[in-house]
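Student: Sequence first, then the predicted structure:
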Amino acid sequence: MSLTDQERDHRSLLRVQEGDSRALEELYDRYTPLLYPVAFRILRRAADAEDALQEAWLQVWRRAVTYDPRRGTVAAWLLTVARTRALDRYRSLAARGRAESSVDPEAGARPPEPSASAVHAQLGERVWSALAQLQPQQRQVLEIAYFEGLSQSEVAARLNAPLGTVKSWTRQGLLRLREILPQEEWM
Amino acid sequence: MSAHRDQDIDLCAGYALGCLDTADRERVEEHLASGCPMCQAALAEFSDASVLLAASAPLAQPGPALRQRVLAAVAAPGIREPEPPAEQVREPVDTRGRVIELRPRRAPFFTAGWGWAAAAALLALVTALEWTQAARLRGELESNRLRLADLERRLADESRWSEVLNAPAAKVVYLAPTGKGSSELRARATYDPVSRRAVVVFENVRAPQGSDYQLWAIVGGAPASLGVVKADAAGHAMMRLENLGEPKLLAAFAISLEPAGGSPNPNAPSGPVVMLGKLEG
């Protein structure tokens, strides 16, 4: 099972930096099954999630040179770009009072294609069971911070927990996820 | 290099998750830029973990049009122009309080330079792309339909067998060692007289070299072979048995130890019966 293949992805990204749109197409096909659910989880409306994802891929196309392999994999960078775009859009919609009120659960509930997302689904199942093994607070901190885009001090206020505790829960939760799913099993 | 503190590892986790407050983010960015090897390594680990977290989002997929929109957008001329440095992006205000435009306004897409010929060529290209895309999607659709049919079939099969285990009339029989073979072998049969099906689960199946265990039903006083027990490396096995015949005639399940491949006689064990479980009632 291979969800991310850093060497292959890095080669694709270097080609994107040189302006090869075929390489962007490859990355699009490879990573949309991972990126789109994140955008949809954040925005909860297909049209908004698609707009956010389009902006994200344009940013990847224009700013591929800003990727720094020492900071993490291409997959992680693509996710950062997509999540940031989705959260920005969520905040601007919320500011206009639209995000919460116009949630349309049907709008994005397109069933995933088995071929496109089989690997992702397989991984997803294992991640869900891994998440279930975390302490409830650790899991909550990770989910709120990642999918709702709250900063650590906002998370602390929401959970009525000291900031230092939220910081260590974040570290412990991520480490625990990493331990439960060792690298060789999903890379 | 700014000195490494223990708390920096916590900050790396928050940084990978993208949830640091501004002061913390600035601190850790400065620290990472100074090249702390410990934090660089920690950040890479945390960022892998954040990919896993992302994969926990419920499955969803965009409409097929998004792919074309994205690819068309990156193909648009001028899209790769380098962006101005960050500090220029902030819109400075001139003395009259109006926003100055730093970049020259780009020419609209269809201007004099782009004649009808160019427009027609573009249209042809888009049509060709759409056709290729449609062909690809048709192929995907067909293969997905097949996969779905296969999954549905397997699911129906699974639920049919789980009905046996949940059937109200089902009888559970634990086979007991007869003393003539392994004492660690375990076998449990669940038999539903209504559907006449049974599920038999085995543990610690470790037949001596060159031999196999074979499962039998004792029907009307005579043994009938239900097959050789094929276990996985951990010694687990499961057999699903269709149509075990008239419930009144089925008296017991038995396991014998046979030469590899099973008893040469299909109607009787050739080796010792090592386990036996009688159906009651």
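Tutor: Right, received. Where do you want to start? Numbering: from 1, shown residues only, chains lettered A, B, ... in the order given.

Student: For the residue of the stretch 1-150 of chain B found nearest chain A, which non-adjacent residue is spatially closest?
Tutor: As assessed by C-beta to the nearest C-beta, chain A sits closest to residue B:47 within the stretch 1-150 of chain B, at 3.2 Å. The C-beta positions use only the backbone N, C-alpha and C, and glycine is treated the same way. Leaving aside its chain neighbours, residue B:47 sits nearest to residue A:72 (3.2 Å; criterion: C-beta to C-beta, 6 or more residues apart in numbering or on different chains).

Student: in chain A, what residue is nearest chain B?
Tutor: Closest point on chain A to chain B, by C-beta to the nearest C-beta, is residue A:72, at 3.2 Å.

Student: and that residue, what are its phi and psi?
Tutor: phi 160, psi 180 (degrees, to the nearest 10).

Student: Which pLDDT value does the model give it?
Tutor: Per-residue pLDDT puts residue A:72 at 86.

Student: ok, now which ones touch it?
Tutor: Residue A:72 makes contact with B:16, B:43-44, B:47-48 under the criterion C-beta atoms under 8 Å, 6 or more residues apart in numbering or on different chains.

Student: what about residue A:22, how many residues close to it?
Tutor: Residue A:22 has 11 neighbouring residues, counting by other C-beta atoms under 10 Å in any protein chain shown.

Student: That one falls within a helix, correct?
Tutor: Yes: checked against DSSP: H, G, I helix; E, B strand; the rest coil, residue A:22 lies within a helix.

Student: re the thing from before, narrow the contacts of residue A:72 to those in helices?
Tutor: B:16, B:43-44, B:47-48 (DSSP state H).

Student: Can you list the residue ranges for strands in the stretch 151-281 of chain B?
Tutor: Using DSSP state E, counting those that start in this stretch, the strands of the stretch 151-281 of chain B run over B:171-174, B:176-177, B:186-192, B:197-203, B:211-219, B:222-228, B:237-241, B:250-259, B:273-278.

Student: okay, the ones you listed in TSV with mean pLDDT next?
Tutor: Shown next, in TSV, are the strands of the stretch 151-281 of chain B (pLDDT from 0 to 100):
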stretch	mean pLDDT
strand B:171-174	86
strand B:176-177	88
strand B:186-192	88
strand B:197-203	88
strand B:211-219	93
strand B:222-228	91
strand B:237-241	87
strand B:250-259	94
strand B:273-278	92
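
Student: Mean neighbour count for those strands - can I get that in CSV?
Tutor: Formatted as CSV, the strands of the stretch 151-281 of chain B follow (neighbours: other C-beta atoms under 10 Å in any protein chain shown):
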stretch, mean neighbour count
strand B:171-174, 14
strand B:176-177, 14
strand B:186-192, 21
strand B:197-203, 20
strand B:211-219, 21
strand B:222-228, 16
strand B:237-241, 16
strand B:250-259, 21
strand B:273-278, 19
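
Student: does any part of the host helix or strand of residue A:33 sit near chain B?
Tutor: For residue A:33, the element it lies in under DSSP states H and E is helix A:21-43. Yes: using C-beta under 8 Å from any C-beta of the partner chain, helix A:21-43 reaches chain B at A:21, A:24-25, A:28-29, A:32-34, A:36-38, A:40-41.
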